[in-house]
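J.: Next come a sequence and a model predicted from it.
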Amino acid sequence: MITEMLQAPFMQRALIAAVLVGITAPAIGIYLVQRRQALMGDGIGHIAMTGVGLGFLLNTSPVWMAMAVAIVGVVAMELVRSYGKMLGDLALAMLFYGGMAGGLMLMSLSATGTNANLLSYLFGSLSTVSNADVTAIVVLAALVILVTVGLRRQLFAVSQDEEFARVTGLPVRALNLLIAITAAVTVTVAMRVVGLLLVSALMVVPVAAAQQISKSFAVTFTLAVVIGTSVTLAGTVTSYYQDVPPGATIVLGAIAVFIVLTAIATPLARRRARAVETPEASCALEVPSARTPGDSVKA
Amino acid sequence: METEPVISLRAVTATLGSRPVLRGIDLTVRRGEVVALLGANGSGKSTAVRAAIGQVPLTGGEIELFGTPRARFRSWSRIGYVPQRTTAAGGVPATIREIVASGRLSRAKLGILTRADRAAITRAIETVGLGDRAGDSVNALSGGQHQRVLIARALASEPELLIMDEPMAGVDLASQEILAETLRAQVAGGATVLLVLHELGALEPLIDRAVVLRDGCVTHDGPPPQSLGQHALPGHDHVHPHTSSTEPIRTGLLT
């Protein structure tokens, strides 16, 4: 039964895509979580919608168009963030909703775009991953891994404390743009597997789950990638045997892992705290010695 | 003895939004000096140090670091910066060692740490007395320990100049003593220090010179005021209102 699954060419492509997405999404997502921009991936997903619509309208590859538009969008977001701090929030909202609405509009204008097509991008559709898609996903995933692992110290420093990073002489603006563009690439890579609406979950939830039980960045990174890969594989296989959407299965799986790890971590943390606790550290009310009668003042 | 200036600000002006924050600051810190920048909230002391290291755009004046105009200054590893923070933590757990290691990137630009780099990181962590906790998550630390991590991060590049923005904010007495001891060792080793302080406190014996800012101008530059607390400083603005309980609060609405 398993060999039957592995022999189906569409399933081979789907599994390759799933593994690569499981690795890359948390690998870049961890830096977004670290700089407290956990929802950035969601914003990129919305912007990529316009790219998908544009791809259909111009009869070019929706994936490459989505990537181009997402990259333009994140560069705009990054510039908004670094220059006009006052309008940051609102400008981002404009970009997100503008991207979503633009995608819907362009899609409806194109001759080939149908609602069914749109849904496959919104929620992912593993069975439609083509050979060309797999080649693109492999190349892009390799780039993402190269950046997130090769430059991990620089990206860590910039995401941890941007001002300090500037004073160490790191090219902070370039690194910020690199994080943003890598995130945009990852979103478009993951789009076929989990869909644009759920892609952010795969960037954030494995990281959130991993940090329940780890105390270092390195362990969180490794664990998040392991969790990401496990849930994408499990979700893909499940959707092969049961007729369920892969994106939803993958994200629910990741949330289940988060819940289990949180349940394990709570007593673990309590035990650790108890181990650190020294006898002196326990609270005791200091009772002042009773006053001697000589203290009392009599008129 | 006049030694070469390490930091030199001449007639520096800067604005935040449309509000002038620095209105012509002159400040020189010479090699080996320990200078405290004092002043009330909003006096511009924090902006002045951040301008010195290029974090605030100037509207006028000149800044030199180690004799090089700031715009052309590239030897960032000579500077250890402790920004004003209440925590060293980010959105993902990180160990003390991981955070301190990021201070070494000014020397290890490519992010490849040699044996010497690793030794310097270990030394920096030991200097602030956290050697036995290097592998712990910073999330488990107290406020004073967070400051010690931030200082260790600044020390990791083995800088000649330490710039610290309110390193004593929210730090308990025990940690203040450790910080003072750390700083004393750095000064003994020849480091130059510029720190922004709210009050001299435990660091008082170390300070060679105090510069007091008020409304973006230098109002005092000389020996530190003696043990009188911030209220006795020249230029201290007594801004908090004295509402006594016997006096009714006048809102102006009824008169």
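T.: Received it, and whenever you're ready, just let me know what you need.

J.: tell me how far the ends of stretch A:111-127 are from each other?
T.: For stretch A:111-127, the first-to-last residue distance is 23 Å (Cα to Cα, to the nearest Å).

J.: Same check on stretch B:203-212?
T.: Its first and final residues considered, stretch B:203-212 spans 16 Å by Cα to Cα.

J.: list the buried ones in it?
T.: By neighbour count on 16 or more other Cβ atoms under 10 Å in any protein chain shown, the buried set for stretch B:203-212 is B:203, B:204, B:206, B:207, B:209, B:210, B:211, B:212. For the C-beta atoms, the positions are set from N, CA and C on the backbone; glycine is no exception.

J.: Out of those residues, flag the one nearest to residue B:53.
T.: Nearest to residue B:53 among these is residue B:211, at 16.4 Å by Cβ to Cβ.

J.: ok, residues contacting the helix or strand harbouring the closest one?
T.: Assigned by DSSP states H and E, residue B:211 belongs to strand B:209-214. Contacts with strand B:209-214, where a contact means Cβ atoms under 8 Å, 6 or more residues apart in numbering or on different chains, come from B:25, B:27, B:33-40, B:43-45, B:48, B:200, B:218-225, B:233-237.

J.: Also stretch B:154-161?
T.: If you take Cβ under 8 Å, 6+ apart as the criterion, stretch B:154-161 is touched by A:168, B:6-7, B:29, B:31, B:65-66, B:76-82, B:100-104, B:106-107, B:120-121, B:123-124, B:127-128, B:162, B:164, B:182, B:186, B:190-194.

J.: Distance across that stretch, terminal residue to terminal residue?
T.: 10 Å.

J.: Sort out which residues of it are buried, please.
T.: Buried-residue list, stretch B:154-161, by 16+ other Cβ under 10 Å: B:154, B:155, B:156, B:157, B:158, B:159, B:160, B:161.

J.: out of those, which are inside helices?
T.: Taking DSSP state H, the ones among the buried residues of stretch B:154-161 that sit in helices are B:154, B:155.

J.: would you turn the buried residues of stretch B:154-161 into TSV with distance to residue A:18 and pLDDT?
T.: Shown next, in TSV, are these (distance: Cβ to Cβ, whole Å; pLDDT from 0 to 100):
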residue	distance to residue A:18	pLDDT
B:154	44	94
B:155	45	93
B:156	40	94
B:157	43	92
B:158	47	92
B:159	47	93
B:160	52	92
B:161	51	93
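
J.: What is the nearest of the buried residues of stretch B:154-161 to chain A?
T.: In terms of Cβ to the nearest Cβ, no member of those lies closer to chain A than residue B:157, at 7.2 Å.

J.: Could you report the separation of the residue nearest to residue B:206 when sequence neighbours are not counted from residue B:26?
T.: Spatial nearest neighbour of residue B:206, chain neighbours left out: residue B:34 (5.3 Å); criterion: Cβ to Cβ, 6 or more residues apart in numbering or on different chains. Distance, residue B:34 to residue B:26, using Cβ to Cβ, to the nearest Å: 19 Å.

J.: Same drill for these two, tell me which one is more crowded.
T.: Set residue B:34 next to residue B:26 and count neighbours by other Cβ atoms under 10 Å in any protein chain shown: residue B:34 wins out with 23 against 14.

J.: before we move on, what SS does the closest residue to residue B:137 other than its chain neighbours have?
T.: Excluding the flanking residues, the one nearest residue B:137 by Cβ to Cβ, 6+ apart is residue A:215, at 3.5 Å. Three-state assignment for residue A:215 (DSSP: H, G, I helix; E, B strand; the rest coil): coil.

J.: neighbours of residue A:215, just the number please.
T.: Using other Cβ under 10 Å, residue A:215 has 18 other residues around it.

J.: What confidence value was assigned to it?
T.: Residue A:215 is assigned 90 on the pLDDT scale.

J.: I'd assumed residue B:97 was in contact with it.
T.: No - between residue A:215 and residue B:97 there is no contact under Cβ atoms under 8 Å: 11.2 Å.

J.: Determine the residues that are contacts of both of those two.
T.: Common neighbours of residue A:215 and residue B:97 (criterion: Cβ under 8 Å, 6+ apart): residue B:135.

J.: so the residue positioned nearest the centre of chain B bridges to which residues?
T.: By Cα atoms, centre = their mean, chain B has its centre lying nearest to residue B:164, at 1.7 Å. As for beta bridges, residue B:164 partners with residue B:82, residue B:195 under DSSP bridges.

J.: Contact partners for it?
T.: Per Cβ under 8 Å, 6+ apart, neighbours of residue B:164: B:81, B:82, B:151, B:154, B:193, B:194, B:195, B:196.

J.: hmm, 10 Å instead?
T.: For residue B:164, the contacting residues are B:36-37, B:49, B:80-84, B:147, B:150-151, B:154, B:179, B:183, B:193-197, B:203, by Cβ atoms under 10 Å, 6 or more residues apart in numbering or on different chains.

J.: just residue A:227 next, same as before
T.: A:22, A:26, A:202, A:205-210, A:253-254, A:257-258, A:261.

J.: Tell me the one among those nearest to chain B.
T.: Closest to chain B, out of all of these and judged by Cβ to the nearest Cβ, is residue A:207, at 6.7 Å.

J.: Which neighbouring elements make contact with the helix or strand containing the closest one?
T.: According to DSSP H and E, residue A:207 maps onto helix A:199-210. Judged by 3 or more Cβ pairs under 10 Å, 6 or more residues apart in numbering or on different chains; DSSP states H and E, helix A:199-210 is in contact with helix A:9-34, helix A:40-58, helix A:172-194, helix A:217-241, helix A:246-276.

J.: Nearest the geometric middle of chain A, what residue?
T.: Central residue of chain A (Cα atoms, centre = their mean): residue A:203, at 1.4 Å.

J.: What about the contacts of residue A:227, which one has the most neighbours?
T.: Most neighbours among the contacts of residue A:227, by other Cβ under 10 Å: residue A:26, with 33 neighbours.

J.: remind me which residues of the stretch 1-150 of chain B are low pLDDT?
T.: Applying pLDDT under 70 to the stretch 1-150 of chain B flags the ranges B:1-2.

J.: the helices in it, which residues?
T.: Ranges of helices in the stretch 1-150 of chain B, per DSSP state H, counting those that start in this stretch, are B:45-52, B:96-101, B:115-127, B:143-155.

J.: Dump those to CSV, plus distance to residue B:21.
T.: CSV is the format used below for the helices of the stretch 1-150 of chain B (distance: least, Cβ to Cβ, whole Å):
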stretch, distance to residue B:21
helix B:45-52, 5
helix B:96-101, 30
helix B:115-127, 32
helix B:143-155, 24
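
J.: Briefly note if stretch A:247-259 comes near chain B.
T.: No - in terms of Cβ under 10 Å from any Cβ of the partner chain, no part of stretch A:247-259 sits within range of chain B; the closest distance is 14.5 Å.

J.: Would you mind measuring from the closest residue to residue B:23 other than its chain neighbours to residue B:12?
T.: Leaving aside its chain neighbours, residue B:23 sits nearest to residue B:216 (4.0 Å; criterion: Cβ to Cβ, 6+ apart). Separation of residue B:216 from residue B:12 (Cβ to Cβ): 10 Å.

J.: Cheers, nothing more for now.
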